[in-house]
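> sequence and computational prediction follow.
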Amino acid sequence: MKLLFASNDPVRIAFAKSLLAGEGIAAFELDVHTSVLEGSSWALPRRVMVADRDHFVACAILRDNGLAED
């Protein structure tokens, strides 16, 4: 698994996962409940991961749709 991006924005994460799913790429969200456990909601970003083989294409999809990180 490779890190695609990390974000605190649930809309950005949902949009990215939707775009990737439309292309047949499975994306996994890590650290979903970490902020709740730490008691600081939204303080820790969620990580969006993809399989190693899908990373290059997933990055291109995000870049083409304006979701690439600077």
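Everything's here; your move. None of these values were measured; they are calculated from a predicted model.

> how about low-confidence regions in this protein?
Regions of the chain meeting the criterion pLDDT under 70 cover residues 35-42, 70.

> where exactly do the helices run in it?
Secondary structure of the chain by DSSP state H: the helices cover 10-22, 34-38, 55-64.

> residue nearest the centroid of the chain?
Per C-alpha atoms, centre = their mean, the C-alpha nearest to the average position across the chain is that of V48, at 2.8 Å.

> and the helices of the chain as JSON lines, adding distance to K2 and mean neighbour count?
Placement of C-beta: from N, CA and C, glycine included. What follows is those, written out as JSON lines (distance: least, C-beta to C-beta, whole Å; neighbours: other C-beta atoms under 10 Å):
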{"stretch": "helix 10-22", "distance to K2": "13", "mean neighbour count": "15"}
{"stretch": "helix 34-38", "distance to K2": "19", "mean neighbour count": "12"}
{"stretch": "helix 55-64", "distance to K2": "4", "mean neighbour count": "15"}
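
> ok, which of those helices comes nearest L44?
helix 34-38 (4.8 Å; C-beta to C-beta).

> which residue, other than its chain neighbours, is closest to the residue nearest to the centre of the chain?
Among residues not flanking V48 along the chain, L4 sits closest, at 4.7 Å (C-beta to C-beta, 6 or more residues apart in numbering).

> wait, the one you found touches A58, no?
Yes. Using C-beta atoms under 8 Å as the test, L4 is close enough to A58 to be in contact (5.5 Å).

> overlap in contacts of those two?
By the contact definition C-beta atoms under 8 Å, 6 or more residues apart in numbering, L4 and A58 are jointly contacted by A27, V50.

> hang on, the earlier thing: and the helices of the chain: which comes nearest F28?
Per C-beta to C-beta, nearest to F28 of those: helix 10-22, 9.0 Å.

> what sits up against that closest one?
Contacts of helix 10-22 (C-beta under 8 Å, 6+ apart): 4-5, 7, 26-27, 29, 46, 48, 50, 54, 58, 61-62, 65, 67.

> mind checking which of the residues you listed are in strands?
Using DSSP state E, the subset of the contacts of helix 10-22 located in strands is L4, F5, S7, A27, E29, R46, V48, V50.
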